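In: have a look at this fold, sequence not included:
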């Protein structure tokens, strides 16, 4: 019996001819560690000799395990009677029994069908990609519709809104995200002011830095930074949380207990995001403007008081409203995409990972596309 | 019983999580070539014992010997050599979810052994067949398999390196009685054919009865008994009396005992 540390002696394969017969003589320990290099030699013997003429000499065989027995027994696999006594010379405890067993137990797994390369494969891949993009879009709208109907039914009986869950989610998606969003927006405001100051100074118009910072932060950066951070932070958390509940059959458990997962899981997240996105946007706008003002003060000697007075004089209130108007829409889109992908997770870990990735990518994509649409809309409306 | 009969020895093992002591002064030994069962109530530390033997958890006291060598004093190379000599079947199979069953079985071969990939595939097919899976299962992903098939695939992977020691964590839990008894027969056959030493945690009284040479009982933070089932049932420890004296235990014990 082998011990845990039994040294494995090296294996050898000797073949010798005897008239038209070939005698295969395995020596040493034929175990999984040692047999790798005999594969091709034994395959050649199997292919080039009549199976009836192959004889295995077991006299000098040491240890043998299932892999060794399989490899040795494979040589005779084309033979009608591989267990016949005349195939073997010498005796070895378990070898012949093991070889016979292994031949019986082999479950040949059919190889995967390769779909081939070339133009057709490329086209079919493009086609499949387009189809899935279309299906995803339709599915997102369907999910949106389902959320809206669920929300309307809750709106009729407001007591059905899960208040505790909603408030908790408002804390995790909103309050906890506040520091990072504020800091990021502060730096963006500062960078915009820096670039503007440098560029505008060459025209002698450095005072317009105030308008630059004010406009860009209020209209775009405040809300975009918030949306992108929400997408990276909360959207992925929604997908992962709901997805792992799906994997653990918690969603199924809810359904059989008569709980609607849309009502329990989706609506609180959507409500939390829609409420918190504008608040976070407001904070982002504040810190963005502060960042710009500080840089202006340091590099252009525009005092904060003057900065604020000029902002009030030159920048219309509507710019602030334009920025704020986009925030709830982004919050809604992010929550919906996150929840939808969470509920799409299948039974395995792999799908959880790929769903979280897709969900973040899709929500950032959607945020930027919708932002562009808003820009077009407001341009046409002259706001 | 000479000392070299013992393949695994656990001496004075202490395990604790925070202030919660799971094992205190636990002694346990596994004899070479035997099928060793481990039973114990829920939360009695069966899986912790197994994880400690496997090195997934560091013991908080005591020592584990393999073949007389202390595990804590082994060099890294020795430890790797030891890890290649055992196969582990986790409770839910623990298959790699991104790989097919065949690729799962090939993982240890790829990592540890130099051999042509075609032969690796054949050996993987062989182990898949050995574990009693149908041949079309090889191309499936773990998520496409039923619980019983996952266990068999896990067993196929555990057997990939032709281990000397096989650790099984509740191998028959969640299988239907027919599947469970097939699994028992399979393990018995394999252990006989390959001279395996098997350590299995199980709650399945039928498996204990059908295949285990010896059964260890964990209670009161230590092994209170480790003996063949026939003498174990006479043991005076109250937990053992309750375990085997209950209606399920009595039903199993009425059947004829395993020979040897």
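Out: Received the coordinates, thanks. Just so it is clear, the model here is predicted, and its values are computed rather than measured. Numbers count the residues shown, from 1 in each chain, chains lettered A, B, ... in the order given.

In: mind listing what's buried in the longest helix along chain B?
Out: Longest helix in chain B, counting residues (DSSP state H): helix B:177-194. Across helix B:177-194, burial judged by 16 or more other Cβ atoms under 10 Å in any protein chain shown covers B:179-184, B:186-188, B:190-191, B:193-194. Where you see a C-beta, it was placed from the backbone N, CA and C, and this is true even at glycine.

In: hmm, residue A:333 is touching residue A:365, no?
Out: No: using Cβ atoms under 8 Å, residue A:333 is not in contact with residue A:365, being 10.1 Å away.

In: the two: who's more crowded?
Out: Applying other Cβ atoms under 10 Å in any protein chain shown to residue A:333 and residue A:365 shows that residue A:333 carries more neighbours, namely 26 against 12.

In: per-residue confidence for residue 81?
Out: Reading this off chain A. Per-residue confidence (pLDDT) for residue A:81: 74.

In: that was the other one, I meant chain B.
Out: Residue B:81 is given a pLDDT of 81.

In: same thing with residue B:3?
Out: Residue B:3 carries a pLDDT value of 56.

In: residue contacts, residue A:208?
Out: Counting by Cβ atoms under 8 Å, 6 or more residues apart in numbering or on different chains, residue A:208 touches A:196, A:200.

In: kindly recompute the last result at 7 Å.
Out: By Cβ atoms under 7 Å, 6 or more residues apart in numbering or on different chains, the residues touching residue A:208 are residue A:200.

In: now do residue A:281
Out: Contacts here follow Cβ under 7 Å, 6+ apart; on that basis residue A:281 touches A:222, A:223, A:226, A:323, A:324, A:327.

In: buried subset of those residues?
Out: Using 16+ other Cβ under 10 Å as the burial test, these include A:222, A:223, A:226, A:323, A:324, A:327 as buried.

In: which element is residue 107 on?
Out: Using chain A here. Assigned by DSSP states H and E, residue A:107 belongs to neither a helix nor a strand.

In: could you do chain B instead?
Out: helix B:101-112.

In: show me chain A divided up by domain.
Out: Segmentation of chain A into domains, based on automatic domain parsing, reads A:12-105, A:143-381.

In: closest to chain B out of the buried ones among the contacts of residue A:281?
Out: Using Cβ to the nearest Cβ, residue A:226 is the member of the buried ones among the contacts of residue A:281 that sits closest to chain B, with 34.9 Å.

In: ok, the closest one to residue A:178 distance?
Out: For residue A:226, the distance to residue A:178 equals 10 Å [Cβ to Cβ, to the nearest Å].

In: could I get the buried ones among the contacts of residue A:281 as TSV with pLDDT?
Out: Shown next, in TSV, are the buried ones among the contacts of residue A:281 (pLDDT from 0 to 100):
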residue	pLDDT
A:222	94
A:223	95
A:226	96
A:323	94
A:324	95
A:327	96
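
In: what's the most distant pair in those residues?
Out: Longest distance between any two of those is 10.6 Å, between A:226 and A:324; criterion Cβ to Cβ.

In: can you pull the pLDDT of residue A:26?
Out: 85.

In: and it, what is it in contact with?
Out: Applying Cβ under 7 Å, 6+ apart to residue A:26 gives the contacts A:11, A:13, A:61, A:72.

In: pretty sure the first one contacts residue A:29?
Out: What that stands for is residue A:11. Yes: taking contacts as Cβ atoms under 7 Å, residue A:11 lies within contact range of residue A:29: 5.6 Å.

In: so where do the helices sit in chain B?
Out: Along chain B, counting by DSSP H, helices occupy B:46-54, B:76-84, B:101-112, B:117-130, B:147-158, B:177-194, B:205-211, B:229-232, B:238-245, B:247-253.

In: and for the last one, what's in contact with it?
Out: The list of residues contacting helix B:247-253 from outside it, by Cβ under 7 Å, 6+ apart, reads B:205, B:206, B:209, B:233, B:243, B:244.

In: of these, which is the nearest to chain A?
Out: Taking Cβ to the nearest Cβ as the measure, chain A lies nearest residue B:206 of the contacts of helix B:247-253, at 24.1 Å.

In: from residue B:23, how far out is that closest one?
Out: As judged by Cβ to Cβ, residue B:206 and residue B:23 stand 27 Å apart.

In: if you count surrounding residues, which of the two has more?
Out: Between residue B:206 and residue B:23, residue B:23 has the larger neighbour count (other Cβ under 10 Å), namely 25 against 17.

In: might one say that that one is in contact with residue B:11?
Out: No: using Cβ under 7 Å, residue B:23 is not in contact with residue B:11, being 11.7 Å away.

In: which residue packs closest to the closest residue to chain A within the stretch 151-260 of chain B, ignoring adjacent ones?
Out: Taking Cβ to the nearest Cβ, chain A has its nearest neighbour within the stretch 151-260 of chain B at residue B:162, 3.8 Å off. Nearest residue to residue B:162 in three dimensions, chain neighbours excluded: residue A:65, at 3.8 Å (Cβ to Cβ, 6 or more residues apart in numbering or on different chains).

In: ramachandran coordinates for that neighbour?
Out: Torsion angles at residue A:65 (phi, psi; degrees, to the nearest 10) stand at phi -120, psi -170.

In: residue A:58 versus that one, what's the distance?
Out: Distance, residue A:65 to residue A:58, using Cβ to Cβ: 15 Å.

In: neighbour-wise, which of these two wins?
Out: Comparing residue A:65 with residue A:58 by other Cβ under 10 Å, the one with more neighbours is residue A:65, at 26 against 19.

In: so the more buried one is in contact with residue A:29, correct?
Out: No: assessed by Cβ under 7 Å, residue A:65 is found out of contact with residue A:29, at 8.6 Å.

In: what sits against the residue nearest to residue A:31 when sequence neighbours are not counted?
Out: Spatial nearest neighbour of residue A:31, chain neighbours left out: residue A:65 (4.6 Å); criterion: Cβ to Cβ, 6+ apart. Residues in contact with residue A:65 (Cβ under 7 Å, 6+ apart) are A:31, A:32, B:162, B:194.

In: with pLDDT added, can I get those residues in TSV?
Out: Converted to TSV, the contacts of residue A:65 look like this (pLDDT from 0 to 100):
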residue	pLDDT
A:31	83
A:32	83
B:162	84
B:194	76
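
In: how about the secondary structure of residue A:26?
Out: strand (DSSP: H, G, I helix; E, B strand; the rest coil).

In: so, low pLDDT: which residues of the stretch 51-200 of chain B?
Out: Low-confidence regions of the stretch 51-200 of chain B, defined here as pLDDT under 70, do not occur.

In: ditto for the stretch 201-350 of chain A
Out: Across the stretch 201-350 of chain A, nothing is flagged by pLDDT under 70.

In: taking it, what residue is nearest to chain B?
Out: residue A:348 (3.7 Å).

In: chain neighbours aside, what residue packs nearest to that residue?
Out: In this structure, residue A:348 finds its nearest non-sequential neighbour in residue B:143, 3.7 Å apart by Cβ to Cβ, 6+ apart.

In: number of nearby residues for that neighbour?
Out: Counted with other Cβ under 10 Å, residue B:143 comes out at 16.

In: just give the number of residues close to residue 36.
Out: Answering for chain A, as no chain was given. Neighbours around residue A:36, by other Cβ under 10 Å: 19.

In: wrong chain, I was asking about chain B
Out: 23.

In: doesn't residue B:30 make contact with it?
Out: Yes: counting by Cβ under 7 Å, residue B:36 does reach residue B:30; the two are 4.8 Å apart.
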